[in-house]
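Q: Provide a 3D model corresponding to the input given below.
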Amino acid sequence: MNKQSRESYQATIEQTIQELKASEERYRTLIEQAKDGVVLIQDGLVAYANESLCKLLGYSREELLGSPFGKIIPEDQQARISENYRKRMNKEPVPSLYEGSIQHKSGARLETEFNAGLTQWEGRLADLVYLRDIRERKLAEKERDQIFNLSHDLVGIAGFDGYFKQMNPAWEVVVGYKIEELMARPFFDFIHPEDVEKTVKEVEKLASGHTTIDFENRYVKKDGSIRHISWSAISLPELKNLYCIGRDVTERKHAEEQIQNYQVKLKDLAAELLYVEERQHKQMALNLHDHVGQLLASSRLQLAALNKKMSSEEILTKTKSISEGLLQAIQATREVIFDLSPPQLNEIGLYAAVADWQEEQIEMKHGIRTRLTGDDQIYPMDSHLRFLIFRSIRELLHNVVKHARATEVEVGLHLIKDKLEISVKDNGVGFTYIPEMLRLKNSGFGLFTIQDRVESLGGDVEIQSSPGLGTYIRIIIPMILDSREL
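A: Numbers count the residues shown, from 1 in each chain. Got it, this is the predicted structure:
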């Protein structure tokens, strides 16, 4: 090689060296400015550490350079990370990206993502490791997992094929199956047979491009009971998955059914009340016409006959008959008034009014011995409530007269704190008590009507009866002082 060629070759080498140095300087600058921590390990020692790593670990660069890499690794992870380093340096297969922990100068553990690879450092092989602080990400994942695991709603990710890939623990509570059981079979297997077709169509919508859908279906619980679930589902087409959140609305559905049933009961009650009102009007008209009207007409005729010449004895007989007729008319009118609104309730109170009525209407008319027990006092209650209680007792005693074939009946009135206990017990023939039968219409202000009205005021009705053992009915009702509460 001549002199000119040697000079040219030397110049090329020098230029290459300068370019390499410039490239290395730019590379160093990039690494130094990186937000992630960067460490270069050679012969198991720290050959280089950028400023971000120093800040992350709380060490100065001088404290790190030349120290063993294990200095910044927690003791329980040193074996695993050292083995990864050994395999990498021997060019054996090993993951380049993995999670672990590094140790702050204070001893605190920092959750970290390791991204490692081989490089050349000053002409020798070295391990270049990027360390990313993932504490915030881990915290967010933990919070997400807590929301996922603690949610009372059903949360899950499922494929369009009907198999769940992830489910939260709420599923086990709501449907009674273990997560493993639910994920082993397509979710269509757990849906009520009548709702499967509808659910399939909703999933097909998501698979065909719909972003979100809302719908309801029924799941069959492991014990055979039915749960109503309201769903919101989101399509994840790129993953061929759907993300869904379901809320158990079974109680709401039951409440809606109860409201519907109660509306039916209200219609029945309204029809029953109209029937009772009409029957009472007819009975009052019949009583006034057949009894009071006839007595008054007879008295009028007898008064007209007094204008004729009669002996003193005849006049005395006529006036006595007229007096008896008027007395009967007064009694009949009193009974009609008492049926409409007994004045004794407001004059002498509930206890005394019940005592008078059962003696006059049950003992004297029907020969059934009666007994009233409890608190003989003026109960501080709303007048409407007082009338409702009196009317209920009267109807229960009417039932005893009409159906029980009893010889004795006992009525109790007891004030227990802010509630009134009313009981009616007879020694009659009794009956087989079937609660559902109360829904059937019956004549008068019957058991169904009494129970429905008492329950609407926050009270309870207890019925005990068996054939041959008489009947015991107990009503507990809150005291109401203000009629507006009715």
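Q: Please enumerate the strands of the stretch 51-200 of the chain.
A: 97-103, 109-121, 124-133, 154-159, 164-167 (DSSP state E, counting those that start in this stretch).
Q: so which of these gets nearest Gly367?
A: strand 154-159 (66.7 Å; C-beta to C-beta). All C-beta atoms are positioned from the backbone trio N, CA, C, and that covers glycine.
Q: Neighbouring strands - and their directions - for that closest one?
A: Paired neighbours of strand 154-159 in the sheet (DSSP bridges): strand 164-167 (antiparallel), strand 241-248 (antiparallel).
Q: how about the first one: buried residues?
A: Looking back up the chat, that one is strand 164-167. The neighbour-count check on strand 164-167 (16 or more other C-beta atoms under 10 Å) flags 164, 167 as buried.
Q: The last one now?
A: Along strand 241-248, these residues count as buried under the neighbour rule (16+ other C-beta under 10 Å): 241-244, 246-248.
Q: Same question for stretch 184-191.
A: Using 16+ other C-beta under 10 Å as the test for burial, stretch 184-191 gives 187, 190-191.
Q: Show me what it is in contact with.
A: 158, 161-164, 175, 177, 182, 196, 199-200, 217-220 (C-beta atoms under 8 Å, 6 or more residues apart in numbering).
Q: one more time with 7 Å
A: If you take C-beta atoms under 7 Å, 6 or more residues apart in numbering as the criterion, stretch 184-191 is touched by 158, 162-164, 175, 182, 196, 199-200, 217-220.
Q: Just the buried ones from these, in ChimeraX syntax?
A: Here is the ChimeraX command that selects the buried residues among the contacts of stretch 184-191 (16+ other C-beta under 10 Å):
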select :158,164,175,182,196,199,217,218,219,220
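Q: residue ranges of the helices in the stretch 1-150 of the chain, please?
A: Assigned helices in the stretch 1-150 of the chain, in chain order: 3-33, 51-57, 61-64, 78-89, 135-150 (criterion: DSSP state H, counting those that start in this stretch).
Q: again with the stretch 301-450 of the chain
A: Counting by DSSP H, counting those that start in this stretch, the helices of the stretch 301-450 of the chain are 312-340, 344-347, 350-357, 365-366, 383-399, 447-456.
Q: My read is that Asp452 contacts Lys265, right?
A: Yes. If you go by C-beta atoms under 7 Å, Asp452 and Lys265 touch, sitting 6.3 Å apart.
Q: So which of the two has more stuff around it?
A: Asp452 (18 against 15; other C-beta atoms under 10 Å).
Q: can you tell me which residues contact the nearest residue to Phe387 once chain neighbours are set aside?
A: Distances taken as C-beta to C-beta, 6 or more residues apart in numbering put Leu345 closest to Phe387, at 6.3 Å, once the chain neighbours are dropped. Listed by C-beta under 7 Å, 6+ apart, the contact set of Leu345 reads 353, 386-387, 390.
Q: just these now: which is nearest Lys35?
A: For these, the nearest to Lys35 is Arg386 (81.4 Å; C-beta to C-beta).
Q: What residues of the helix or strand where Lys201 lies count as buried?
A: For Lys201, the host element (DSSP states H and E) is helix 196-207. The neighbour-count check on helix 196-207 (16+ other C-beta under 10 Å) flags 196, 199, 202-203, 205-206 as buried.
Q: what does stretch 355-373 give?
A: Neighbour-count burial for stretch 355-373 flags 355, 357-358, 361-362, 368, 370, 372 (criterion: 16+ other C-beta under 10 Å).
Q: Quote the end-to-end distance of that stretch.
A: Terminal residues of stretch 355-373 are spaced 10 Å apart (C-alpha to C-alpha, to the nearest Å).
Q: which residue ranges form the strands in the stretch 351-486 of the chain?
A: Assigned by DSSP E, counting those that start in this stretch, the strands in the stretch 351-486 of the chain fall at 369-374, 408-416, 419-426, 460-465, 471-478.
Q: Mean pLDDT and distance to Ser235 added to those strands, as TSV?
A: TSV is the format used below for those (pLDDT from 0 to 100; distance: least, C-beta to C-beta, whole Å):
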stretch	mean pLDDT	distance to Ser235
strand 369-374	92	69
strand 408-416	92	60
strand 419-426	93	57
strand 460-465	91	51
strand 471-478	92	53
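Q: tell me the most buried of the ones you listed?
A: Of the strands of the stretch 351-486 of the chain, the one with the most neighbours on average (mean count of other C-beta atoms under 10 Å) is strand 419-426, at a mean of 21.
Q: Would you mind pulling up the elements that it packs against?
A: helix 383-399, strand 408-416, strand 471-478 (3 or more C-beta pairs under 7 Å, 6 or more residues apart in numbering; DSSP states H and E).
Q: Show me what the shortest one is packed against.
A: In terms of contacts (3+ C-beta pairs under 7 Å, 6+ apart), strand 471-478 is packed against strand 419-426, strand 460-465.
Q: With only the CA atoms kept, save that strand in PDB.
A: Output in PDB follows, covering the C-alpha atoms of strand 471-478 (Å, rounded to 0.1, in the frame of the first residue of the first chain):
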ATOM      1  CA  THR A 471    -112.100 -19.700  65.400                       C
ATOM      2  CA  TYR A 472    -109.700 -17.200  66.800                       C
ATOM      3  CA  ILE A 473    -109.000 -13.900  64.900                       C
ATOM      4  CA  ARG A 474    -106.500 -11.400  66.100                       C
ATOM      5  CA  ILE A 475    -105.900  -7.900  64.600                       C
ATOM      6  CA  ILE A 476    -103.000  -5.700  65.500                       C
ATOM      7  CA  ILE A 477    -103.400  -2.100  64.200                       C
ATOM      8  CA  PRO A 478    -101.300   1.000  64.800                       C
END
